[in-house]
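>>> Provided below for reference: sequence and predicted model.
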Amino acid sequence: MTKLSVNINKIATLRNSRGGDTPNLVQVAIDIQDFGAQGITIHPRPDERHIKYKDTYDLKPVVKTEFNIEGNPIPKFIDLVLANKPEQVTLVPDSVDTLTSNAGWNTVDNFSFLEEVVSEFKRNNIRTSIFMDNNFDFIESAAKLGADRIELYTEEFATQYKKGNENAINPYIESAKFAKKLGLGINAGHDLSLDNIKFFSNNIPNLLEVSIGHALIAESLYLGLQNVINMYLYKLKK
């Protein structure tokens with residue numbers, strides 16, 4: 001079964017909007033795991049507009065499933081990851097002013113930098129995943145620099161699928177097959193939802209994990225958080 005990791009950035013955004021501690025991020029993380037999700041994802045950004053760096057330290061003791069920390073590996077982020085030692089770190093090339101992740105890594109041009117970062121995390125027994133577009137050259141470089149997994153950036157699939165274009169899945173299938181041949185594990189994320197997750201997961205070979213936040217939290221406003229998590233788990237069954 002493909003694992004579901006729930007990104008709780010939007011919970012932090014809601015909390016921060018009132019300047020207090022409601023909803024309580026730690027309690028929500030505990031509840032999400034109790035509801036059956038197999039992981040918790042956070043994506044702290046330098047301006048702390050949703051997840052605060054302190055949240056990482058607060059969450060570490062209560063995440064009993066898989067803790068996945070996403071972000072651009074600037075020095076402050078690297079220090080945060082090494083201090084908390086999550087099961088997985090996902091490297092995302094987002095700039096400081098980016099609203100949300102909007103591109104995968106060019107692992108050819110950034111090979112030396114990423115190789116150094118990945119080596120540091122692997123020395124600390126932290127599995128490393130790299131956020132990727134459907135580009136065979138970049139995927140091959142990700143394998144060569146020592147990454148354990150790639151995370152397929154799925155915005156284009158989600159956009160096209162909503163328009164009725166099921167063929168949009170094809171580049172992702174080919175990327176997953178190619179990555180598997182190189183020994184890379186396959187994760188995926190961005191704009192996956194209850195509407196498209198079953199089609200995506202059924203067609204992507206060797207899909208180990210999906211990270212879902214925005215859609216899952218939005219769907220929960222209507223359907224309830226526990227119910228939505230169980231709906232995702234059902235759709236991810238093979």
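Sure, I can see it.

>>> Please make it C-alpha for all contacts and neighbour counts, starting now.
Noted.

>>> I'd say residue 60 and residue 83 touch.
No: no contact is recorded between residue 60 and residue 83 when judged using CA atoms under 8 Å, the distance being 10.1 Å.

>>> More neighbours: which of the two?
Neighbour totals were compared for residue 60 and residue 83, and residue 60 leads with 14 against 11 (other CA atoms under 10 Å).

>>> mind listing what the more buried one touches?
For residue 60, the contact set (CA atoms under 8 Å, 6 or more residues apart in numbering) comprises 67, 84, 86.

>>> Closest to residue 112 out of those residues?
residue 86 (23.4 Å; CA to CA).

>>> Could you look up the SS state of that closest one?
Three-state call for residue 86 (DSSP: H, G, I helix; E, B strand; the rest coil): coil.

>>> which phi and psi does it have?
The phi and psi torsions at residue 86 (degrees, to the nearest 10) take the values phi -70, psi 170.

>>> Now for it: which residues touch it?
Taking CA under 8 Å, 6+ apart as the definition of contact, the neighbours of residue 86 are 60, 66, 67, 68, 69, 126.

>>> circling back: export the contacts of residue 60 to a markdown table and tack on pLDDT and distance to residue 143?
Compiled in a markdown table, the contacts of residue 60 are given as follows (pLDDT from 0 to 100; distance: CA to CA, whole Å):
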| residue | pLDDT | distance to residue 143 |
| --- | --- | --- |
| 67 | 98 | 22 |
| 84 | 98 | 25 |
| 86 | 98 | 21 |
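
>>> before we move on, the earlier item: counting neighbours, which of the contacts of residue 86 end up buried?
For the contacts of residue 86, a neighbour count by 16 or more other CA atoms under 10 Å gives the buried set as 66, 67, 68, 69, 126.

>>> quick one: which helix or strand includes the fourth one?
Residue 69 is part of strand 66-71 when elements are defined by DSSP states H and E.

>>> which regions of this structure lie under the pLDDT threshold?
95-102 (pLDDT under 70).

>>> can you count the residues close to residue 116?
The number of residues near residue 116, taken as other CA under 10 Å, comes to 12.

>>> can you pull up the bridge partners for the residue nearest the centre of the chain?
Among the residues of the chain, residue 211 comes closest to the average C-alpha position under CA atoms, centre = their mean, at 4.1 Å. The bridge-partner assignment for residue 211, based on DSSP bridges, gives residue 5, residue 189.

>>> residue contacts, it?
If a contact means CA under 8 Å, 6+ apart, then residue 211 has 4, 5, 6, 7, 41, 187, 188, 189, 190 as its contacts.

>>> wait, the fifth one sits on residue 65?
No: the pair formed by residue 41 and residue 65 falls short of the contact definition of CA under 8 Å, at 10.6 Å.

>>> What segments of this structure are helices?
Per DSSP state H, the chain carries helices over the ranges 9-16, 25-34, 53-59, 75-84, 111-123, 136-144, 155-162, 170-181, 197-203, 214-223, 225-236.

>>> I'd like those helices as TSV, with distance to residue 91 appended.
Putting the helices of the chain into TSV (distance: least, CA to CA, whole Å) gives the following:
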stretch	distance to residue 91
helix 9-16	16
helix 25-34	22
helix 53-59	16
helix 75-84	10
helix 111-123	9
helix 136-144	11
helix 155-162	17
helix 170-181	17
helix 197-203	22
helix 214-223	19
helix 225-236	24
